[in-house]
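Asker: The sequence and its predicted three-dimensional model are supplied below.
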Amino acid sequence: MSLDLKSTRCLDRVHPDLVKVVERACEIIPFRVTEGLRTKERQKKLLAEGKSRTMNSRHITGHAVDVVDPAGSYDDAKMREIAGAMKQAADELGVPITWGGDWTKFVDTPHYELEWHAYPASSLVGRAKAAIVGATGATGVGAVPGVPDAVSSTVGKVEEYTSIGSRVASLLKGVGALEPTALLGIAGLVLAIGIMFLPTGGSNASAGD
């Protein structure tokens, strides 16, 4: 079964790899897409309404979608059937995804997102996230009990420090005193220092949609 027109529109500006997973999964079992790319304004509204627990949602960057049963039901059994199809499609296409139904602190069965470590918001942020994930042994949100929540909370805030490192590197480059590799190292050091002062604990970076 193919996606309906409304679902197709919801996939506008969603990462193409996630779109492929959704389209393949819909061939296995029918469902509808209710939301893809989301504005920060909408995210703030959902956060205020208690329908989300983060401003680091993957929806904001086009790395997540929400789906529902064709009849509009969020029945747990039906959502798990859809999850089985989504995971099968992801495996077939080699696209790592995370299902909100596998989260422990904020179960979100309609939600699917591309895994952070494989699809970072930016290259510099991606390297930092990969380093943290590698250090903990986690392969994705919910992979290691007791660890992913803190990891995701941390990596979800890394973006706050990337611009600082970039500005420092640009300033030093303007002086012309250092080689490019040294500049990158300094930028990375600034980022690392920022991470050290990030608060620990908290919810998943994208938990709660």
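Answerer: Yep, it's here.
Asker: what's the spacing between F31 and K45?
Answerer: F31 sits 25 Å away from K45, going by C-beta to C-beta, to the nearest Å. In this view, the C-beta of every residue, glycine as well, is placed from N, C-alpha and C.
Asker: now E92
Answerer: According to C-beta to C-beta, E92 stands 36 Å off from K45.
Asker: rewinding a little: higher neighbour count, F31 and K45?
Answerer: Each of F31 and K45 has its neighbours counted (other C-beta atoms under 10 Å); F31 has more, 25 against 13.
Asker: for that one, what are its contacts?
Answerer: Taking C-beta atoms under 8 Å, 6 or more residues apart in numbering, we find F31 in contact with 25, 67-70, 82, 85.
Asker: same thing with E27?
Answerer: Contact analysis of E27 by C-beta under 8 Å, 6+ apart lists 1-2.
Asker: and it, what are its phi and psi?
Answerer: phi -70, psi -20 (degrees, to the nearest 10).
Asker: Could you list the low-pLDDT ranges of the chain?
Answerer: 122-208 (pLDDT under 70).
Asker: Assign V67 to helix, strand or coil.
Answerer: Using DSSP: H, G, I helix; E, B strand; the rest coil, the structure places V67 in strand.
Asker: residues touching A77, list them.
Answerer: The contact partners of A77, by C-beta under 8 Å, 6+ apart, come to none.
Asker: cool, K45 as well?
Answerer: No contacts exist for K45 under C-beta under 8 Å, 6+ apart.
Asker: That one - that's part of a helix, no?
Answerer: Yes. Assignment of K45 by three-state DSSP places it within a helix.
Asker: quick one: which of the contacts of F31 is nearest G100?
Answerer: Among those, V67 lies closest to G100 (C-beta to C-beta), at 10.4 Å.
Asker: Tell me the spacing between the nearest residue to that closest one once chain neighbours are set aside and E115.
Answerer: Excluding the flanking residues, the one nearest V67 by C-beta to C-beta, 6 or more residues apart in numbering is F31, at 4.9 Å. Plainly put, F31 is 21 Å away from E115 if you go by C-beta to C-beta.
Asker: how close does T104 sit to A89?
Answerer: Taking C-beta to C-beta, one finds T104 at 24 Å from A89.
Asker: Just want to know which of those two has more residues nearby.
Answerer: The neighbour comparison of T104 against A89 (other C-beta under 10 Å) goes to A89, with 21 against 13.
Asker: What separation do you get for that one and M1?
Answerer: Counting by C-beta to C-beta - A89 and M1 are separated by 13 Å.
Asker: Make a ChimeraX selection of whichever of the contacts of F31 turn out to be buried.
Answerer: Those of the contacts of F31 that count as buried under 16 or more other C-beta atoms under 10 Å are selected in ChimeraX with:
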select :25,67,68,69,82,85
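Asker: ok, of the contacts of F31, which one's closest to C10?
Answerer: Distances from C10 to the contacts of F31, taken by C-beta to C-beta, are shortest for V67, at 9.2 Å.
Asker: The closest one reaches A85, doesn't it?
Answerer: No. With contact defined as C-beta atoms under 8 Å, V67 does not reach A85; the gap is 9.8 Å.
Asker: dump the residue contacts of L37.
Answerer: Contact partners of L37, counting by C-beta under 8 Å, 6+ apart, are 12-14, 59-60, 62.
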